[in-house]
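Asker: model this:
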Amino acid sequence: MARYSPLTHEEFAAICARLDAGTGTRQDLKAATKHLAALLVQRAPGASVEVRIPPFAAVQCIAGARHTRGTPPAVVEMDAPTWIALGRGRLAWSQASIRASGERSDLSHLLPLDEA
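Answerer: The predicted model follows:
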């Protein structure tokens, strides 16, 4: 599983401004997704939940039982625009289209991550 480094808040804000204006690129979408994934791992380190944002990112987070092969006991998956909206506090967990299963798959208590 890859490790991602967060952007500065200013870099992320510039990307979000482009995305909000409708001029964002696929690279902006990818950078914003990885930035928020990195912040999630910083906020909730661990490996009991796998968060997937295809095709850009997948991370493990939240302390607990670690899995090493196959499908983890808790998986959360969504598209990049949903992840970015959640991470920015622009969308509530309860209103988002998310595929989640397993214990600890509700990440609402960890959001937002960067309100740019």
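Asker: what bits of this protein have low per-residue confidence?
Answerer: Within the chain, the segments meeting pLDDT under 70 span 1, 66-70.
Asker: so which residue is smack in the middle of it?
Answerer: In the chain, the centroid-proximal residue (Cα atoms, centre = their mean) is Ala37; its distance is 4.0 Å.
Asker: what residues sit buried inside the helix or strand that contains that residue?
Answerer: Using DSSP states H and E, Ala37 sits in helix 26-43. Across helix 26-43, burial judged by 16 or more other Cβ atoms under 10 Å covers 28-41. The way it works is simple: take the backbone N, C-alpha and C, and place the C-beta from them, glycine included.
Asker: surely Glu77 meets Ile53?
Answerer: Yes - assessed by Cβ atoms under 8 Å, Glu77 is found in contact with Ile53 at 7.5 Å.
Asker: more neighbours, the two?
Answerer: Taking neighbours as other Cβ atoms under 10 Å, Glu77 and Ile53 compare with Ile53 leading, 24 against 17.
Asker: is the more buried one in contact with Met78, as I believe?
Answerer: Yes - Ile53 is within contact range of Met78, at 6.2 Å (criterion: Cβ under 8 Å).
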